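**Student:** please find the sequence and the predicted model below.
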Amino acid sequence: MSSAAASWPYPRWVAHRGAGKLAPENTLAAFRLGHAHGWRMFECDVKLSADGVPFLLHDATLERTSNGQGTAGALPWAQLAGLDAGSWLAPAYAGEPIPTLQTIARFCLEHGSLLNIEIKPTPGTERQTGKVVAQAAAQLWLGASVPPLLSSFQPESLAGAQAAAPALPRALLLDSLWDGWLEAARQLDCAAVVCKYTLWDAALVTRTRAAGLRGLCYTVNDASAAQSLLALGLDGLITDRVDFFDPSQADSVAVNPNAAPDVKRST
């Protein structure tokens with residue numbers, strides 16, 4: 001078992017992409033809003049620009065969440081930095097930029113917030129992205145009491161991170177229980193697995209615990225589902241609904257009945 005798995009330093013509730021659906025995902029505005037709602041751990045997606053700068057973006061392409069076009073990782077940071085990553089959601093966020101990992105690290109460290117960095121490589125750059133993101137994270141959080149948790153659906157990205165910064169905790173993301181997933185998590189010396197929330201049941205929790213791994217889930221936005229997952233003993237619930245769930249309640253589900261209705265999101 002990795003030392004991170006043995007002494008888990010992270011809170012149970014994690015805000016997806018900063019503030020879920022309330023602000024433009026993966027932007028500093030989203031982190032600020034999530035923090036204002038009382039959230040103290042966030043998840044975000046990080047990939048590399050063409051010139052190797054780690055920055056926040058979920059999709060491989062720019063169209064859905066910015067006014068840019070094409071493959072994000074094919075552009076240099078100077079070009080990405082000038083894009084509008086806010087107008088797509090609401091006029092109030094017009095001009096909100098795509099942030100670098102450095103910008104988000106500064107925010108988290110200044111506000112006492114923890115971070116789950118999902119390594120989201122442009123296809124074909126899996127190992128290099130894991131390596132560079134891990135190196136950057138190790139430097140940015142140097143001396144911090146709690147390091148960021150690095151996760152990825154791509155074992156090759158986690159292998160790059162493991163080689164570059166072995167002390168940073170890693171988690172394997174799973175949208176299905178593919179053959180060999182547990183062996184891969186062990187080989188990568190992962191501290192946790194982060195599964196699609198519908199995959200979790202008592203048997204999977206038992207298997208995960210027996211392997212010395214922590215268990216987290218994404219992206220749970222329903223109160224009854226969240227209660228069931230807490231009852232299973234999961235270590236982390238990642239959610240869009242930062243105005244709905246109360247993250248201060250680690251072992252139970254407390255909700256705001258006046259929150260806006262859920263909006264379905266991509267993973």
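**Tutor:** That came through fine. Numbering: from 1, shown residues only.
**Student:** what residues are up against residue 253?
**Tutor:** By C-beta atoms under 8 Å, 6 or more residues apart in numbering, the contact set of residue 253 is 223, 226-227, 230, 245. Heads up, the C-betas are built off the backbone N, CA and C, glycines and all.
**Student:** and if we set it to 6 Å?
**Tutor:** Residues counted as contacts of residue 253 (C-beta atoms under 6 Å, 6 or more residues apart in numbering) are 223, 226-227.
**Student:** so how far is residue 216 from it?
**Tutor:** Going from residue 253 to residue 216 by C-beta to C-beta, to the nearest Å gives 16 Å.
**Student:** same thing with residue 44?
**Tutor:** Per C-beta to C-beta, residue 44 is found 15 Å from residue 216.
**Student:** so the spatially most central residue of the chain: helix, strand or coil?
**Tutor:** Geometric centre of the chain, nearest residue: residue 43, 2.9 Å, by C-alpha atoms, centre = their mean. Following DSSP: H, G, I helix; E, B strand; the rest coil, we place residue 43 in the strand state.
**Student:** so where is this structure shaky, pLDDT-wise?
**Tutor:** The model of the chain has pLDDT under 70 over residues 1-6, 260-267.
**Student:** helix or strand for residue 32, which one?
**Tutor:** helix 28-36 (DSSP states H and E).
**Student:** how about the closest residue to residue 93 other than its chain neighbours, what does it touch?
**Tutor:** Leaving aside its chain neighbours, residue 93 sits nearest to residue 86 (2.9 Å; criterion: C-beta to C-beta, 6 or more residues apart in numbering). Applying C-beta under 6 Å, 6+ apart to residue 86 gives the contacts 24, 93-94, 96.
**Student:** in those residues, find the pair that's most separated.
**Tutor:** 24 and 94 (10.0 Å; C-beta to C-beta).
**Student:** residue 194: neighbour count?
**Tutor:** Residue 194 is flanked by 28 other residues according to other C-beta atoms under 10 Å.
**Student:** partners of the closest residue to it other than its chain neighbours in the sheet?
**Tutor:** Leaving aside its chain neighbours, residue 194 sits nearest to residue 216 (4.3 Å; criterion: C-beta to C-beta, 6+ apart). Beta bridges link residue 216 to residue 194, residue 236 when assigned by DSSP bridges.
**Student:** would you confirm that residue 217 contacts residue 199?
**Tutor:** No: here residue 217 does not reach residue 199: they are 7.9 Å apart, not a contact under C-beta atoms under 6 Å.
**Student:** how close does residue 11 sit to residue 119?
**Tutor:** According to C-beta to C-beta, residue 11 and residue 119 sit 21 Å apart.
**Student:** pick out whichever of these two has more residues nearby.
**Tutor:** More crowded of residue 11 and residue 119, by other C-beta under 10 Å: residue 119, with 29 against 17.
**Student:** who's in contact with that one?
**Tutor:** Contacts for residue 119 (C-beta under 6 Å, 6+ apart) come out as 129-130, 133, 152, 157.
**Student:** closest one of those to residue 55?
**Tutor:** Nearest to residue 55 among the contacts of residue 119, with distances taken as C-beta to C-beta, is residue 133, at 10.1 Å.
**Student:** grab the CA positions of the longest helix along the chain and hand them over as CSV.
**Tutor:** Looking across the chain with DSSP state H, the single longest helix is helix 126-140. This file holds the C-alpha atoms of helix 126-140, laid out as CSV (Å, rounded to 0.1, in the frame of the first residue of the first chain):
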residue,chain,number,x,y,z
GLU,A,126,0.0,10.5,-22.9
ARG,A,127,3.3,9.7,-21.3
GLN,A,128,4.8,13.2,-22.0
THR,A,129,1.8,14.9,-20.5
GLY,A,130,1.9,12.8,-17.3
LYS,A,131,5.6,13.5,-17.0
VAL,A,132,5.4,17.3,-17.5
VAL,A,133,2.3,17.8,-15.4
ALA,A,134,3.8,15.8,-12.5
GLN,A,135,7.1,17.7,-12.7
ALA,A,136,5.2,21.0,-12.6
ALA,A,137,2.9,19.9,-9.8
ALA,A,138,5.9,18.7,-7.7
GLN,A,139,7.6,22.1,-8.1
LEU,A,140,4.4,24.2,-7.6
